Structures are given as structure tokens and as C-alpha cells.
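**Student:** generate a structure from the sequence data that follows.
(chains A, B, C and D)
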Protein chains: 2
Amino acid sequence: MPAAPDSISQIVSPDEVAEEDIVERIFEAVVEQRLPPGTKLSESALCLAFGVGRMRIRRSLLLLSSREVVELHANRGAYVASPTAKQAREVFEARLALEPTIARLAVERASPEDIANLAAHIKMEHSAHHDDRRLEAIRLSGQFHILLAQIASNAVMLRIMKGLVTRTSLIIGIFGGSSVANCRDDDHERIVCAFEARDGQAAADLMTEHLRVIESSLELG
Amino acid sequence: MPAAPDSISQIVSPDEVAEEDIVERIFEAVVEQRLPPGTKLSESALCLAFGVGRMRIRRSLLLLSSREVVELHANRGAYVASPTAKQAREVFEARLALEPTIARLAVERASPEDIANLAAHIKMEHSAHHDDRRLEAIRLSGQFHILLAQIASNAVMLRIMKGLVTRTSLIIGIFGGSSVANCRDDDHERIVCAFEARDGQAAADLMTEHLRVIESSLELG
DNA sequence: TCACACTATTATGTTAACAATTATGTCAAC
DNA sequence: GTTGACATAATTGTTAACATAATAGTGTGA
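**Tutor:** So this is what the prediction gives:
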């Protein structure tokens, strides 16, 4: 093995990286709505796209299905999930239960640097909006919520949120209609203001309202 | 295929059942603390135990690891997870965010039959406690929280809760000390009383208190 | 022209053999 | 008696060939 001795223990095997990496990249593609609900994910295509063997792809698809971002149909392959209206309501109900708490915890635990990052993020959202970079705007919009979970410093909640945010992108893709009033970045900005004021309760309340607005903008029947 | 034509579409392929079945059974074994943290789960042993091929087992272990109930070490096999104190606090933080809401929703949505089931469940918990059937008591204790999530009729939250409850069993196994003041079934009983009174807020508050008591009974440093 | 049955192709699911790594047990040297 | 290196055994990881099911295409018949 050509690696220097003391670096060995720190090296993560390239195989294992590829695993979570594939999952993460498909997550991103779903969030950016480059993989719309119902898209078929054929094994051979993914093998070519990622340059890995079939086994690795099958494992990744299994992981994605366990996060409910991909549906596995026996003998028929993998498809990007198509949440039903019922599932959409459930996802928002879960987010309404979790994210106000996450927002409050994040305010309590945010370092000055964290708050600066949030402010920078808002600026990026604004400019993406302004320049009509729609995909970028969508991605940043979801990323904002992930960022809060990271600041809250709770890996368990972070993991859950990644799944919920990703599925929310699918939901918006299906039930967003044409007016697609995604995350209004104004709402995000107000939440960041609550951070700067160190007002956890305000952040929680704003988050609740934010999620309610998004959900009510959907056509869930 | 000998099955009647109209039943074919309803049949779930036996293979696919075995998949989730293995995961579910290992979940149960972990909840009942028959698989303590750190237990090695060798592929060959599981193949024999469940009477399935290695591939099925490997898939199951991957699913279990994605739920963070099992840790996969490259080239070294699968082990029942050993949550750290930090992870334990995170799990409780997540439960504190979710379960009061779940309790409130469950009260709102519980049918009379649901409430009867809850009451019956409490009786089972009591008798298991009384007869010193410790494993059964532990299992029922976790099952109570799952039952609430089922009554809340939110599949997304239910799935999340199954993972959190299972991991809580691991946490109690590690940090419970010897006094193991698991779920006091008295607490559960009070929550059921709130159901009978149809007082969602009371159920939420009791749940919060219940979780806090459990966490504070642990030795998390 | 449409519907249906059959064939051929493609894709997925499974199995088994092989490779690589880790754990174990033995033996010698200190 | 303990430590270290070495050889062996066992376990995990990977690959490739094979089996099976679904899809698409083709042709025939009404």
C-alpha cells in the first residue's frame, strides 16, 4: 500500500466514500428537481454515470429507498418517489413538529460565525432569485433548512431533516402547481433576523408560519 | 404459478417480505435487549438463523445501518450500534421535539377503539411489570410509544419513531446503569388518561415530562 | 385498422465462485 | 512468561455468469 503510514488511519476507503457519495448526489439532483418524481433510475445508466459496478449502485438504490426518496418495484426497477397528497401532508406535519424546535435550538447554539454564514446564505438566495437561476434558488432554499439543522448540532435531527427536505422537493414538484411559491426567501431573512436578535421563540414561530405558508400554497386537495 | 389470477396482484412477493421481516425482527430483538450494543452480527450466523441467502442478509444489514441500529465496519462485519452519550442526548432531543406533537395528534385522531387498545396495552404493561417479565416489560414499554405514533396516523413520523425507540433501547442498555428506571408504566397510564379526557395538550405535556424523566435517569455524564 | 398472441430483447434478481482483508493460533526468541 | 512474527483459518467484499421476469416489437387474424 503506497500511502504514508500515519495517513492510513485517516483515509476513508474510496469505496465507502462512493457509497454515501452516490446517495448524496442523487439527493441533490432530486432537490434541484433535475430528477423529477417518477424518473426511472436504471442500474446500467447509473453504473455508467458514476463509473462504478452494479453492486454499488444496487446498494445505493436500497439506501435511497430506505430514505423513501426512491421507490423500488420488484423486477421493475427503481423510480424517483412520487409522494401522494397524504404523504405530503405527513411530511409537512413532521416538519412542523421538528423544525420550530430545530430553529429554537439553532438560535441558542449559533456561533457568531454561524450567523454570518446564515446571512451570507440569504444573500446567495437573493441573488439566485434576482438572476432567475431557478434551480440554484430551489437548492439554496432547501439548503437553508439543512443549515439550521447543522447549527442546531444534532446529527439525528439533521439526518431526518435531509430526508424531509429532499422529499419536500418532490412534493413541490408534484403539487406546486405552476405558481410554485417555493420558499420565499423573505421568510428566511426574517428567521435570520431572529437569530441576530437571539430570539429563539421568534425563530420557532417564524418557522412554523413559514412551513404553513408553503404547505398552503400547495394543491393537496 | 398456482395462485388464483385475481389474488396475484395482491400477493407481496415472499422475497420482499423476508427483507423487511428480517429488519423488523432484529429491531425487536434490539428493543427487547436480546441483542446488546456491540453484539457482532455475522453474516453466516444470520443466514442460518433466518434461512436465507447471504445477499438478503447483507441487504438487511445495510438497511439496519441506514437506520443507525447497526454499525457496518469495512471488512470487519456488522455490530449492533453502541450510541455515545452525545448521540443519546441527540436522540432524546429529537424525541422531545416529536413526541409531544405526536401525542397531541394522537389524542385528536384516536377512535374509541384506539383508546380501548391503549387501555389494554397499559394492562399488559402492568402485568408484565408485576410478574417480573422484564424483557416483555421493556418491549411493551417501547411499543406504547409506537402505538401512539400509529394512532397519530402519520406514516412518516411512525417510521422515524421506530428508529428512535429502537435506539433508545440501546441507550438504556448502555447508560441505564443498574437501576434501569425504564419507562415507568405509571407515566403511560397518565397519558392514556389524557386520551380518555380528550385533552391533547395534557398528553403532550405528560409526554414531555415522561421523556425528561427517562433521560435524567440515565448516566450521560 | 385494431386487437391479440407470441417472440425477442432488455433489465432485474440470484447464485456461486473468487479475491482480499482480518482474526486466530502456533512457534520461536527474548 | 510474554512478546513478536508467521502461517492458517474464517469472514467479508467483489465480480461475473446465470435465471427470471417485464417490456417492446412483430406478425397474424379478425
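**Student:** which parts of chain A sit against chain B?
**Tutor:** Contacts of chain A with chain B, taken as CB under 8 Å from any CB of the partner chain, map to A:13, A:15-16, A:59, A:62-63, A:66-68, A:74, A:87, A:90-91, A:93-94, A:96-98, A:101-102, A:105, A:154-157, A:159-160, A:164. Quick note: C-beta positions are derived from backbone N, CA and C, even for glycine.
**Student:** if we go to 6 Å?
**Tutor:** Residues of chain A lying close to chain B (CB under 6 Å from any CB of the partner chain) are A:13, A:16, A:62-63, A:66, A:74, A:90-91, A:93-94, A:97-98, A:101, A:154-157, A:160.
**Student:** mind checking which of those residues are buried?
**Tutor:** Among these, the ones that count as buried by 16 or more other CB atoms under 10 Å in any protein chain shown are A:62-63, A:66, A:90-91, A:93-94, A:97-98, A:101, A:154-157, A:160.
**Student:** among those residues, which are in helices?
**Tutor:** A:62-63, A:66, A:90-91, A:93-94, A:97-98, A:101, A:155-157, A:160 (DSSP state H).
**Student:** ok, A:D21 to A:R56 distance?
**Tutor:** A:D21 sits 10 Å away from A:R56, going by CB to CB, to the nearest Å.
**Student:** need the overlap of contacts for the two.
**Tutor:** Common neighbours of A:D21 and A:R56 are not found (criterion: CB atoms under 6 Å, 6 or more residues apart in numbering or on different chains).
**Student:** so for the two, which sits in the more crowded spot?
**Tutor:** More crowded of A:D21 and A:R56, by other CB atoms under 10 Å in any protein chain shown: A:R56, with 17 against 14.
**Student:** who touches the strand or helix carrying the more buried one?
**Tutor:** A:R56 is part of helix A:54-66 when elements are defined by DSSP states H and E. Contacts to helix A:54-66, defined as CB under 6 Å, 6+ apart, come from residues A:I22, A:V23, A:E43, A:L46, A:C47, A:V70, A:L72, A:A78, B:L62, B:L63, B:S66.
**Student:** one more time with 8 Å, if that's ok
**Tutor:** The contact list for helix A:54-66 (CB atoms under 8 Å, 6 or more residues apart in numbering or on different chains) reads A:15, A:18-19, A:22-23, A:26-27, A:41, A:43-44, A:46-47, A:50, A:70-72, A:78, B:59, B:62-63, B:66-67.
**Student:** and if you look at stretch A:157-169?
**Tutor:** A:27, A:30-33, A:67-69, A:81, A:83, A:87, A:91-92, A:94-95, A:98-99, A:102, A:138, A:142, A:145-146, A:149-150, A:152, A:214, B:68, B:90, B:93-94, B:97, B:156, B:160.
**Student:** near DNA strand C, list only the ones from those.
**Tutor:** Checked against DNA strand C using CB under 7 Å from any atom of the strand, the contacts of stretch A:157-169 yield no neighbours at all.
**Student:** list buried residues within those.
**Tutor:** Using 16+ other CB under 10 Å, the buried members of those are A:27, A:30-33, A:67-69, A:81, A:83, A:87, A:91-92, A:94-95, A:98-99, A:102, A:138, A:142, A:145-146, A:149-150, A:152, A:214, B:68, B:90, B:93-94, B:97, B:156, B:160.
**Student:** which of the contacts of helix A:54-66 count as buried?
**Tutor:** Among the contacts of helix A:54-66, those scoring as buried are A:18-19, A:22-23, A:26-27, A:41, A:46-47, A:50, A:70-72, A:78, B:59, B:62-63, B:66-67 (criterion: 16+ other CB under 10 Å).
**Student:** helices - which of these land there?
**Tutor:** Going by DSSP H, the helices hold A:18-19, A:22-23, A:26-27, A:46-47, A:50, B:59, B:62-63, B:66 from the buried ones among the contacts of helix A:54-66.
**Student:** quick one: what helix or strand has A:D186 in it?
**Tutor:** Assigned by DSSP H and E, A:D186 falls within helix A:185-196.
**Student:** just the CA atoms of whichever helix or strand comes after that helix, as PDB, please.
**Tutor:** Sequence-wise, the next helix or strand downstream of helix A:185-196 (DSSP H and E) is helix A:200-216. Taking C-alpha atoms only, helix A:200-216 is exported to PDB below (Å, rounded to 0.1, in the frame of the first residue of the first chain):
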ATOM      1  CA  GLY A 200     -35.300  31.600  19.800                       C
ATOM      2  CA  GLN A 201     -39.000  31.700  20.300                       C
ATOM      3  CA  ALA A 202     -39.400  34.200  17.400                       C
ATOM      4  CA  ALA A 203     -37.400  31.900  15.100                       C
ATOM      5  CA  ALA A 204     -39.600  29.000  16.100                       C
ATOM      6  CA  ASP A 205     -42.800  30.900  15.400                       C
ATOM      7  CA  LEU A 206     -41.500  32.200  12.100                       C
ATOM      8  CA  MET A 207     -40.500  28.700  11.100                       C
ATOM      9  CA  THR A 208     -44.000  27.400  11.900                       C
ATOM     10  CA  GLU A 209     -45.600  30.200   9.900                       C
ATOM     11  CA  HIS A 210     -43.100  29.700   7.000                       C
ATOM     12  CA  LEU A 211     -43.900  26.000   6.800                       C
ATOM     13  CA  ARG A 212     -47.700  26.600   7.000                       C
ATOM     14  CA  VAL A 213     -47.400  29.100   4.100                       C
ATOM     15  CA  ILE A 214     -45.500  26.700   1.900                       C
ATOM     16  CA  GLU A 215     -48.000  23.900   2.600                       C
ATOM     17  CA  SER A 216     -51.000  26.000   2.000                       C
END
